[in-house]
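[1] coords please:
(chains A, B, C and D)
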There are 2 protein chains.
Amino acid sequence: MVIDDDRLVVTSLKTILEADAEIQVVGTGTSGRQAIELYHKTKPDVLLMDIRMEGMTGIKAAEKILAADPEAKILFLTTFSDDDYIVSALRLGAKGYLLKQNYESIIPSLKAVQMGLRVFGDQIITKMPLALGTDKTSTVEYDLNEKELAIITQVANGLSNKEIAQALYLSEGTVRNYISVILEKLQLRDRTQLAIFYYKNLKHA
Amino acid sequence: MVIDDDRLVVTSLKTILEADAEIQVVGTGTSGRQAIELYHKTKPDVLLMDIRMEGMTGIKAAEKILAADPEAKILFLTTFSDDDYIVSALRLGAKGYLLKQNYESIIPSLKAVQMGLRVFGDQIITKMPLALGTDKTSTVEYDLNEKELAIITQVANGLSNKEIAQALYLSEGTVRNYISVILEKLQLRDRTQLAIFYYKNLKHA
DNA sequence: TTAAAAAGATGACATTTGTCATCTTAGAAA
DNA sequence: TTTCTAAGATGACAAATGTCATCTTTTTAA
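    Okay, here's the model as predicted:
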């Protein structure tokens, strides 16, 4: 679902999003009030909403939506990364914010949020208990960027390094380097454990 | 849940099963009538039931249970592998049969059934669409024996060949050979795809 | 008791994988 | 512009993996 008080933004976002076969825009609106109403009607997987809007701000709308449904996945659109509102928005339980300039990262970020991750600018963050290994029950926070997430997805689809390289237009060596970094970040040993991690923690999270 | 008209069998089965931390015996009984009554009360993950019993046979009881709950997972206990009843039992929708002599294979078979597989003697069978790969939607039937299933489970836990060997008291080479056979049977390429297969098709199936 | 299967082990081999240090290049910042 | 930095590429390397053919040992069946 897409909410922005600039109708042009709404339209272009809708176009961009619907070009992706996995995404469906189930509703659009141009005000906080519409956001609340539409949200409860359509229960979207993710609500993409402008943070500054005339009348009711995105923050206020988010507050009401989250009060009724704490599981709501709200991703804010913002023009300035230093927007003061952002902090309070995140404190409410929003899943992150996205710079409007950054059109290319909208879709991956949206998918990341749908998977249960959080997004800040172009950093994708996940906070969850580590289910693998022996008995680590502590909650750790991981930082993964878009590219890393894309590679994890490929590994979790069972592709080899060579195949991932072809799919993402990288060299095989680069893919290996990425995976090495990912394994270090997530404290895993090999791609099999990474795939397992994906199915236990990221998929449907 | 355990049903057998020999009280001694019930008791010893209960003891064997409860020694496993992952298993809980939620009810026991000694007749088909009790089986039906208890089944609906406790809704066990798996019902382990003798096939020959005085009064109502296990078959009859299974028939009634399956009529009310087609998802019921019923595993028959039998003394003779050539028991004529078995065929009709399986046709009803039972998940398999188990020779009473074979005490060691009770637990792995039980777990296999809980995962959605079927068990015949000591053959564990799985019939399901292949979710991996490109676009194979056909339903294939795989044959996996206990040992193979045990190894798959370890792979899906992220263990290396060396670790699996230690865990199962085998040599590393043997583990490799097993995995090679498993990959061939399931038409997969490497252990990562095997782990993925496990989470997509076997776990919680 | 002997023959025939299974189950397991071994060794050799080609690939794949993960790690690291080092390089190139392109974009951001000064 | 020049400098700095991040993304990507390369090459070398050890270890892990998957495949095979060949043995040995155990179990089962005749």
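
[2] For burial, what's the neighbour tally of residue A:109?
    Residues near residue A:109, counting by other C-beta atoms under 10 Å in any protein chain shown, number 29. C-beta here means a position set from N, CA and C on the backbone, and glycine is covered the same way.

[3] Excluding chain neighbours, what is closest to it?
    Using C-beta to C-beta, 6 or more residues apart in numbering or on different chains and skipping residues adjacent in sequence, the residue nearest residue A:109 is residue A:119, 4.5 Å away.

[4] Three-state assignment for the residue of chain A found nearest DNA strand D, please.
    Here the residue of chain A nearest DNA strand D is residue A:173; by C-beta to the nearest atom of the strand that distance is 2.1 Å. Classification of residue A:173 using DSSP: H, G, I helix; E, B strand; the rest coil returns helix.

[5] doesn't residue A:164 make contact with residue A:154?
    Yes: counting by C-beta atoms under 8 Å, residue A:164 is a contact partner of residue A:154 at 4.4 Å.

[6] Of the two, give the one with the bigger neighbour count.
    A direct count of neighbours by other C-beta under 10 Å for residue A:154 and residue A:164 places residue A:164 higher, at 23 against 19.

[7] Quick one: residues contacting the more buried one.
    A:151, A:154, A:155, A:170, A:175 (C-beta atoms under 8 Å, 6 or more residues apart in numbering or on different chains).

[8] again with residue A:39
    Neighbours of residue A:39 in contact, by C-beta under 8 Å, 6+ apart: A:1, A:47, A:65, A:69, A:72.

[9] quick one: which helix or strand includes the third one?
    Think residue A:65. Per DSSP states H and E: residue A:65 is located in helix A:58-68.

[10] which helices and strands does that helix pack with?
    Helix A:58-68 is packed against helix A:32-42, strand A:47-50, strand A:74-78, helix A:85-92, with contacts defined by 3 or more C-beta pairs under 8 Å, 6 or more residues apart in numbering or on different chains; DSSP states H and E.

[11] please redo it, this time with the cut-off set to 6 Å
    Applying 3 or more C-beta pairs under 6 Å, 6 or more residues apart in numbering or on different chains; DSSP states H and E, we find helix A:58-68 packed against helix A:32-42, helix A:85-92.

[12] that older thread, what's the spacing between the residue of chain A closest to DNA strand D and residue A:161?
    Applying C-beta to C-beta, to the nearest Å, the value for residue A:173 to residue A:161 is 9 Å.

[13] Neighbour count for these two, which is higher?
    Counted by other C-beta under 10 Å, residue A:173 and residue A:161 do not tie: residue A:161 has more neighbours, with 20 against 10.

[14] What pLDDT does the model give that one?
    pLDDT for residue A:161: 95.

[15] so residue A:163 is in which element?
    Per DSSP H and E, residue A:163 falls inside helix A:161-168.

[16] Outline the domain layout of chain A.
    The record's domain parsing of chain A by automatic domain parsing lists A:2-121, A:127-202.

[17] what's the distance between the longest one and the middle of its chain?
    Yep, that's domain A:2-121 we're talking about. Averaging C-alpha positions (C-alpha atoms, centre = their mean, to the nearest Å) puts domain A:2-121 11 Å from its chain's average.

[18] So is that domain next to DNA strand D?
    No: using C-beta under 7 Å from any atom of the strand, we find that domain A:2-121 stays clear of DNA strand D, coming within 11.8 Å at best.

[19] I'd like to know how many residues surround residue A:181.
    Neighbours of residue A:181 under the rule other C-beta under 10 Å: 14.

[20] mind checking pLDDT for it?
    Note on residue A:181: pLDDT of 91.

[21] still on that earlier bit, restricting to C-alpha, output the helix holding residue A:163 in CSV.
    In CSV, the C-alpha atoms belonging to helix A:161-168 read as follows (Å, rounded to 0.1, in the frame of the first residue of the first chain):
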residue,chain,number,x,y,z
ASN,A,161,28.9,-19.2,-6.8
LYS,A,162,29.3,-19.3,-10.5
GLU,A,163,25.6,-19.2,-11.0
ILE,A,164,25.1,-16.4,-8.6
ALA,A,165,27.8,-14.4,-10.3
GLN,A,166,26.0,-14.8,-13.6
ALA,A,167,22.7,-13.9,-12.1
LEU,A,168,24.0,-10.7,-10.4
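
[22] in that helix, what counts as buried?
    A:161, A:164, A:165 (16 or more other C-beta atoms under 10 Å in any protein chain shown).

[23] So in chain A, where's the weakest helix or strand by average pLDDT?
    None of the helices or strands of chain A scores lower by mean pLDDT, DSSP states H and E than strand A:123-129, at a mean of 48.

[24] Next up, phi/psi of residue A:22, please.
    phi -80, psi -10 (degrees, to the nearest 10).
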